[in-house]
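> Structure for this input, please:
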Amino acid sequence: MTDVSFYTTELLQYAILELMFGLRVDVQHVASALTYTLLVLLVAAVARGRAVGIEALVRTGVAVAVILVPASGYGYQILLASPDHTGTAVPLLVTWLVLDRATTGGTRTAGWRLALGLMALLAWAQIGDPLALFVGVVPLVVVSGWRMWRDGKGERSGNAFLLGAALISALVAHTVQVAVWRAGGFSTHPATAEFVSHERLPFNAHLLRDGLAIDFGVYLPDAAGEVDLGLRLLNLLGVGSAAVAVVVGGVRFLRRRTAVDGDRVADVLTVAIVTNLAAFVLSTIPYDLASARQIAVVLPFAAALVGRTLGPALLTFGRGTPTRPPTSRPVAALCVVLSLFAAGLVVRVAAARPVPHEAARAGDWLMAQGESYGLGDYWAANITTVHTARRVRVAPVVAGTSRIFAYRWESHAEWYDPAQHDARFIIVDLAFNSTAAAETHFGAPAERRDFGRFAVLRYEHNLLVGLPAYCVPDVAANLADCPDLKPRLPHPRG
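This next block holds a predicted model:
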């Protein structure tokens, strides 16, 4: 697998959808829409907390306003088109929802039953994505440890249960991954993150700014028209609200005196956001705008935090004071903002037109030519295989400067065995200039066809013969010679 297995998150969702609709390319789009719908609903539930009446409406309203509509362009690609790591927020929000229902403020002490439930939920999230260790386990450990130190003796046992549950969940997740590997199941690549050098900190900080702008829908360079630009400018309210909520949450977390005057879930959300952003800046993970996915969970966490921290303040502002009559302006303004977002969503959907993926067009042509097996750049490989219902199977490869390598990334060694398969074409990605590497490695093709971003090169010999392998990060003579991958505890990552 990749460095993220998704086995307990998106893959379960895909399996259910495929049972209902079959394995088709649009399963990914349906799954993305379902994931984002779950995020919006869970954010609303976490933001609401135990509030009722108008306060509950205001809390959920401001939270939904922050997360309701992903922006087009990079925002869509990060939050909807790519599962890495948007869906990880789903099990984590479920975890915080359970924590909130079981312990509100400090009035109820956490017991072993709650600790066991949280341990299971956090382990579930970590098996699917190691990022959950840093935005799930670490925040709960920090908050519980801080409360143990600051609170009275009566609260220490409950916080100790929560701290222990978080730590044990990491051990459980790692044990499950090792057991799966030893039973002959999947293995994952360890994350290759390290602490960044001080010279690269400004570059990471620049990417952090752009990444947050993409996730929160305020990245202006890829705005599609005046309406989209206006909605992005409106999203600045969400960014500002999130920033204020994190500051307020941090101050309350550090200054709180006893358990009864603190919001445990708000504390966890605040620490999770700060941890994710700090890891992003201090690690070697960020490399381009696509790295915004590494901080995708900040959006739903911040939206829920805005509802819990600023929602009550907004409601208090609207109720007035003895010298100022109550007003419904904040609530009315919130309704206007939500209406604008909803209208923007309708406009975007109405303007959208389905466009066949270029790799799918390549697959249709290959079927017409009678081709059934070949190689292809990573994205072209899986899209073509699914689009053609495996009538054209494409094994993923990665291009070097002058060679093509079998790719040990969501793949099997038998896919590259020349004794089992005869690969007579390669789909190259023109955006990455892999054509030159393919022609240097395999020679001049017998035929070439272009399909937008992709090109199909056809050959009269088996391309699998003598194909080396990129084992990530090592190189081997073939994929079968790559060393075994043993599950490891995840490295710090953005």
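
> Ala304: what's it in contact with?
Neighbouring residues of Ala304 by C-beta atoms under 8 Å, 6 or more residues apart in numbering: Val43, Val46, Ala47, Ala63, Leu93, Trp96, Leu269. From N, CA and C alone the C-beta is placed, and that goes for glycine too.

> make it 7 Å
Going by C-beta atoms under 7 Å, 6 or more residues apart in numbering, Ala304 touches Val43, Val46, Ala47, Ala63, Leu269.

> Looking at these, spot the one nearest Ser283.
Leu269 (21.2 Å; C-beta to C-beta).

> which element is the nearest residue to the closest one once chain neighbours are set aside on?
Distance criterion C-beta to C-beta, 6 or more residues apart in numbering; nearest residue to Leu269, sequence neighbours excluded, is Leu305 at 4.4 Å. Taking DSSP states H and E as the criterion, Leu305 maps to helix 298-319.

> and that helix, what's its mean pLDDT?
The average pLDDT within helix 298-319 is 84.

> how about the CA coordinates for it, as CSV?
What follows is helix 298-319, C-alpha atoms only, in CSV (Å, rounded to 0.1, in the frame of the first residue of the first chain):
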residue,chain,number,x,y,z
VAL,A,298,-7.7,21.6,10.1
LEU,A,299,-10.8,22.8,8.1
PRO,A,300,-13.4,20.6,9.9
PHE,A,301,-11.7,20.9,13.3
ALA,A,302,-11.6,24.7,13.0
ALA,A,303,-15.2,24.9,11.8
ALA,A,304,-16.3,22.9,14.9
LEU,A,305,-14.1,25.0,17.1
VAL,A,306,-15.7,28.2,15.7
GLY,A,307,-19.1,26.9,16.6
ARG,A,308,-18.1,26.0,20.1
THR,A,309,-16.2,29.2,20.9
LEU,A,310,-17.6,32.0,18.8
GLY,A,311,-21.2,30.7,18.5
PRO,A,312,-22.2,31.5,22.1
ALA,A,313,-20.4,34.9,21.9
LEU,A,314,-22.4,35.8,18.7
LEU,A,315,-25.6,34.8,20.4
THR,A,316,-24.7,36.9,23.5
PHE,A,317,-24.0,39.8,21.2
GLY,A,318,-27.4,39.5,19.6
ARG,A,319,-29.3,39.3,22.9
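
> Pull out the buried positions in it.
Neighbour-count burial for helix 298-319 flags 298-311, 314-315, 318 (criterion: 16 or more other C-beta atoms under 10 Å).

> got it, and stretch 413-430?
The neighbour-count check on stretch 413-430 (16+ other C-beta under 10 Å) flags Trp415, Tyr416, His421, Ala423, Arg424, Phe425, Ile426, Ile427, Val428, Asp429 as buried.

> Surely the second one and Leu467 touch.
This means Tyr416. Yes: counting by C-beta atoms under 7 Å, Tyr416 touches Leu467, with 5.9 Å between them.

> can you list the domains in the chain?
The chain breaks down into these domains under automatic domain parsing: 10-351, 358-481.

> Turn the ones you listed into TSV, including distance to Val4.
Formatted as TSV, these follow (distance: least, C-beta to C-beta, whole Å):
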stretch	distance to Val4
domain 10-351	5
domain 358-481	10
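
> Of all those domains, which one is nearest Asp3?
Taking C-beta to C-beta, domain 10-351 is the member of the domains of the chain nearest to Asp3, at 4.5 Å.

> and Val398, that's in a strand?
Yes: according to DSSP: H, G, I helix; E, B strand; the rest coil, Val398 belongs to a strand.

> longest single helix anywhere in this protein?
In terms of residue count, the longest helix belonging to the chain (DSSP state H) is helix 153-182.

> now the helix or strand following it against helix 298-319, angle please.
Counting by DSSP H and E, the element after helix 153-182 in chain order, helix or strand, is helix 201-215. Counting by axes from the mean of the first three to the mean of the last three C-alpha atoms, to 10 degrees, helix 201-215 lies at 60 degrees to helix 298-319.

> which secondary structure elements does helix 201-215 contact?
If you count contacts as 3 or more C-beta pairs under 7 Å, 6 or more residues apart in numbering; DSSP states H and E, helix 201-215 packs onto helix 264-282.

> what's the angle between the helix it packs on and helix 298-319?
Interaxial angle of helix 264-282 relative to helix 298-319 (the same axes, to 10 degrees): 130 degrees.

> centre of the chain versus helix 264-282, how much separation?
15 Å (C-alpha atoms, centre = their mean, to the nearest Å).

> ok, now stretch 29-41?
12 Å.

> Other residues contacting it?
The contact list for stretch 29-41 (C-beta under 7 Å, 6+ apart) reads 10, 13-14, 17, 64, 67-68, 70, 79-81, 86-87, 89-90, 300.

> Which members of the buried residues of stretch 413-430 occur in helices, if any?
Per DSSP H, the buried residues of stretch 413-430 never map to helices.

> Closest to His441 out of those?
Ile426 (9.2 Å).

> For that closest one, which non-adjacent residue is closest in space?
Leu375 (4.3 Å).

> Surely the one you found and Arg393 touch.
No: counting by C-beta under 7 Å, Leu375 does not reach Arg393; the two are 10.1 Å apart.

> Comparing these two, which residue is more hemmed in?
Taking other C-beta atoms under 10 Å, Leu375 and Arg393 do not tie; Leu375 has more neighbours (29 against 17).

> show me where this protein has strands.
Counting by DSSP state E, residue ranges of the strands within the chain are 373-377, 393-399, 404-407, 425-429, 447-451, 454-458, 469-470, 475-476.

> of all the ones you listed, which lies closest to Thr440?
Of all the strands of the chain, strand 404-407 sits nearest to Thr440, with 8.8 Å by C-beta to C-beta.

> Please, where are all the helices along the stretch 1-150 of the chain?
Assigned by DSSP state H, counting those that start in this stretch, the stretch 1-150 of the chain shows helices spanning 10-21, 27-48, 53-67, 74-76, 89-102, 112-128, 131-132, 138-150.

> out of the ones you listed, deepest packed?
helix 131-132 (a mean of 30; mean count of other C-beta atoms under 10 Å).

> Measure how far that one is from the centre of its chain, please.
10 Å.

> follow-up on the earlier one: closest to Cys471 among the contacts of Ala304?
Using C-beta to C-beta, Leu269 is the member of the contacts of Ala304 that lies nearest Cys471, at 38.6 Å.

> so what pLDDT did the closest one get?
97.

> who's in contact with it?
Going by C-beta under 7 Å, 6+ apart, Leu269 touches Trp96, Gly249, Phe301, Ala304, Leu305.

> Including distance to Thr440, could those go into CSV?
Output for the contacts of Leu269, formatted as CSV (distance: C-beta to C-beta, whole Å):
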residue, distance to Thr440
Trp96, 52
Gly249, 55
Phe301, 47
Ala304, 51
Leu305, 52
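
> Test my guess that Val306 contacts Val246.
No: with contacts counted by C-beta under 7 Å, Val306 stays clear of Val246, the gap being 9.2 Å.

> Identify the contacts common to these two.
With C-beta under 7 Å, 6+ apart, Val306 and Val246 have no common neighbours.

> lowest-pLDDT helix or strand in this structure?
Least confident helix or strand, the chain: helix 329-351 with a mean of 67, by mean pLDDT, DSSP states H and E.

> now the end-to-end length of stretch 229-243.
With C-alpha to C-alpha, to the nearest Å applied, stretch 229-243 spans 21 Å between its terminal residues.

> contact partners of that stretch?
Against stretch 229-243 from outside (C-beta under 7 Å, 6+ apart): 62, 65-66, 71, 216-218, 220, 223, 302, 306, 310, 337, 340, 344.

> again with stretch 211-228
With C-beta under 7 Å, 6+ apart, stretch 211-228 has contacts from 70-75, 78-79, 210, 229, 232, 235-236, 238-239, 289, 291-292, 295-296, 298-299, 344, 347.
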